[in-house]
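K.L.:
this one's structure only:
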């Protein structure tokens, strides 16, 4: 069984920074891609940033230049460095990973439990 364990959320003032972490635990063949999504109550979950197995990042327009996604392949961990935060970034942030599992051998999408990020003005 695979689990994604998130950490790093919290309360920060506008202009501040936070770093989110998400580690994949369990038995699996490999991690294909990892991503961060966020969701505000009453709205759809939206993609914030994603990174491929080759390390190529992709960002939502609203966070380009402020957020950086990275991964540590050896630690099966993805990070989201968030700078210049503003109140519009307030949301629950979810880690997402596309993982090839051992048996049966196939790809599954997993989600973390979510971590709250609150930016005060």
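P.N.:
Received, thanks. Owing to the predicted nature of the structure, the values given are computational and were not obtained by experimental measurement.

K.L.:
from the centroid of this protein, which residue is nearest?
P.N.:
Centroid-nearest residue in the chain, with C-alpha atoms, centre = their mean: residue 36, separated by 2.7 Å.

K.L.:
hey, what's it bridged with?
P.N.:
Beta bridges link residue 36 to residue 49, residue 95 when assigned by DSSP bridges.

K.L.:
that one: what's it in contact with?
P.N.:
Contact partners of residue 36, counting by C-beta atoms under 8 Å, 6 or more residues apart in numbering, are 20, 22, 47-50, 69, 78, 80, 93-96. (Each C-beta comes from the backbone N, C-alpha and C, glycine too.)

K.L.:
ok, it to residue 7 distance?
P.N.:
Separation of residue 36 from residue 7 (C-beta to C-beta, to the nearest Å) stands at 13 Å.

K.L.:
kindly report the same for residue 54.
P.N.:
Distance from residue 54 to residue 7, by C-beta to C-beta: 25 Å.

K.L.:
if we can go back for a sec, what residues are shared contacts of residue 36 and residue 7?
P.N.:
If you check residue 36 and residue 7 against C-beta under 8 Å, 6+ apart, the residues they both contact are 20, 22.

K.L.:
what's around residue 28, how many residues?
P.N.:
The number of residues packed near residue 28 is 19, by other C-beta atoms under 10 Å.

K.L.:
looking at it, it is touching residue 2, isn't it?
P.N.:
Yes. Contact criterion C-beta atoms under 8 Å: residue 28 and residue 2 qualify, at 5.5 Å.

K.L.:
all strands of this structure, in order?
P.N.:
3-7, 10-13, 18-25, 28-39, 46-52, 57-59, 67-72, 77-82, 91-101, 107-111, 115-120 (DSSP state E).

K.L.:
buried residues of the longest one, list them for me.
P.N.:
Within strand 28-39, the residues that qualify as buried are 28, 31, 33-38, counting by 16 or more other C-beta atoms under 10 Å.

K.L.:
chain center to that strand, what's the gap?
P.N.:
7 Å (C-alpha atoms, centre = their mean, to the nearest Å).

K.L.:
which residues sit against stretch 60-69?
P.N.:
Stretch 60-69 has contacts (C-beta under 8 Å, 6+ apart) with 34-36, 46-51, 57, 59, 78-85, 88-89.
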